[in-house]
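S.K.: Build me a model from this:
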Amino acid sequence: MCSTGDVGKGARFSAALVFMTLVSLLGLPLKSDEVIDLLEEYDAQVIYDFDRLHEGTPDRYHAVINDGGFELGFDEAQVLTTIWCHVVADAPMEAIDPELIGAPFYASAAELQREAERAGMVCQLPNLSHMDGKWAKIVGNQYSVHYEFVTGNLDMVTLQLNNPDEG
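M.R.: Numbering: from 1, shown residues only. Sure thing, here's the model as predicted:
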């Protein structure tokens, strides 16, 4: 496990939030104390994405926290289902502090696969050798962690609540 070069500039959790990891928030309602505390800490606004074109798509909610290096995605029931963690800064988005995520960082998809196999976890890798970027996904009981590598370096970590209707 490793961290990347320019990580952690966005770290500014208060003492009250220091022991919370983002992965521990998956599945919590938007209006839970933990999520509200996080949103207030970063003075973040939640955006309501509704089905303006009447296409039958579910309503969604999201918050972009540039100075924290992450984004939150809520489903139509206002449950936190997805967290996008930016490992590499890309203005205005800062790089996330790896300690906030609650999931390990890996230097490569190969390292991730070795660690997952050693721990007896399910690891999914694409079989696309022509891709510029590569990804790997570890599937746990309650959530999955998707790692995206760009030019061989970890670029994004996505935490996603598993759908209870699947598998």
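
S.K.: What helix or strand is the most far-flung residue of the chain relative to its centre located in?
M.R.: Relative to the centre of the chain, the most outlying C-alpha is that of His54, 29.1 Å out, by Cα atoms, centre = their mean. Using DSSP states H and E, His54 sits within no helix or strand.

S.K.: Gln113 now?
M.R.: In the assignment (DSSP H and E), Gln113 maps to helix 109-118.

S.K.: looking at this protein, which helix or strand is least sure?
M.R.: In the chain, the helix or strand scored least confidently by mean pLDDT, DSSP states H and E is strand 122-124, which has a mean of 80.

S.K.: what helices or strands is that strand leaning on?
M.R.: Where contact means 3 or more Cβ pairs under 8 Å, 6 or more residues apart in numbering; DSSP states H and E, strand 122-124 is packed against helix 109-118, strand 134-139. C-betas here are computed from N, CA, C, even on glycine.

S.K.: Just name the most buried of the ones you listed.
M.R.: Of the helices and strands packed on strand 122-124, the one with the most neighbours on average (mean count of other Cβ atoms under 10 Å) is strand 134-139, at a mean of 19.

S.K.: How far off centre is the next helix-or-strand element following that one?
M.R.: Per DSSP H and E, the first helix or strand lying C-terminal to strand 134-139 is strand 143-150. Offset of strand 143-150 from its chain centre (Cα atoms, centre = their mean, to the nearest Å): 8 Å.

S.K.: Return the set of buried residues in the next helix or strand after strand 143-150.
M.R.: Downstream of strand 143-150, the first helix or strand assigned by DSSP H and E is strand 153-161. The neighbour-count check on strand 153-161 (16 or more other Cβ atoms under 10 Å) flags 154-161 as buried.
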